[in-house]
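Student: kindly return the folded structure for what I paste below:
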Amino acid sequence: MRALAAPALALGLALAGCGAAGDTDAGDTLNPGADDTAPATALELTVWPEGHDSGRAESWTLECDPAGGTHPSPEAACSLLADNADLLAPLPDDVMCTQQFGGPEQAAIRGTFQSREVDLRYSRANGCEIARWDTLTPLLDASG
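Tutor: Here you go, the predicted model:
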């Protein structure tokens, strides 16, 4: 019985190895639309230059690595995000902000940033938001 166990084990391992290679090819065939190279950053940006209630909005998309989308300056926008990743994180609840009004502009950023889901709103409603908006100008400014 022992004499048969070793060849059977070797055959089983050989077949398992062949199956793994076949599974990869079969996966590609079964999912021809699957894209393993999807960008880690794919965002939808909407800016209301006169505030959300004005109804007038400007929208575009941004992808990074490689830079692309409908954004007027995708390279500059992706570079900004690479250098300031914390700008696409919510403000902490306990942060103190000066109470000042910087303008009616509002924006929404949704999608994936560095493989992390984001759904954020920006405005110029206080000192913290004004500073964030000013830093994000290459991302939020549609003039390119």
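Student: contacts, neighbours, all on C-alpha from now
Tutor: OK.
Student: quick one: pLDDT of Leu15?
Tutor: Note on Leu15: pLDDT of 38.
Student: actually Ala40, not the one I wrote
Tutor: The confidence metric pLDDT takes the value 88 at Ala40.
Student: which residues does it contact?
Tutor: For Ala40, the residues meeting the contact criterion (C-alpha atoms under 8 Å, 6 or more residues apart in numbering) are Cys64, Asp65, Thr112, Phe113, Gln114, Ser115.
Student: the fourth one: what's it in contact with?
Tutor: Remark: with contacts taken as C-alpha under 8 Å, 6+ apart, Phe113 is in contact with Ala40, Thr41, Ala42, Leu43, Leu88.
Student: you'd agree the last one is up against Glu117?
Tutor: In this case it means Leu88. No. Taking C-alpha atoms under 8 Å as the contact criterion, Leu88 and Glu117 are not neighbours in contact, 10.1 Å apart.
Student: which of these two has more neighbours?
Tutor: Taking other C-alpha atoms under 10 Å, Leu88 and Glu117 do not tie; Leu88 has more neighbours (18 against 13).
Student: dihedrals phi and psi, that one?
Tutor: Torsion angles at Leu88 (phi, psi; degrees, to the nearest 10) stand at phi -100, psi 40.
Student: Arg124 now?
Tutor: Backbone torsions for Arg124, taken as degrees, to the nearest 10, come to phi -120, psi 40.
Student: run through the helices of the protein in chain order.
Tutor: Remark: helices of the chain, listed N- to C-terminal, are 2-30, 74-83, 127-135, 137-140; assignment by DSSP state H.
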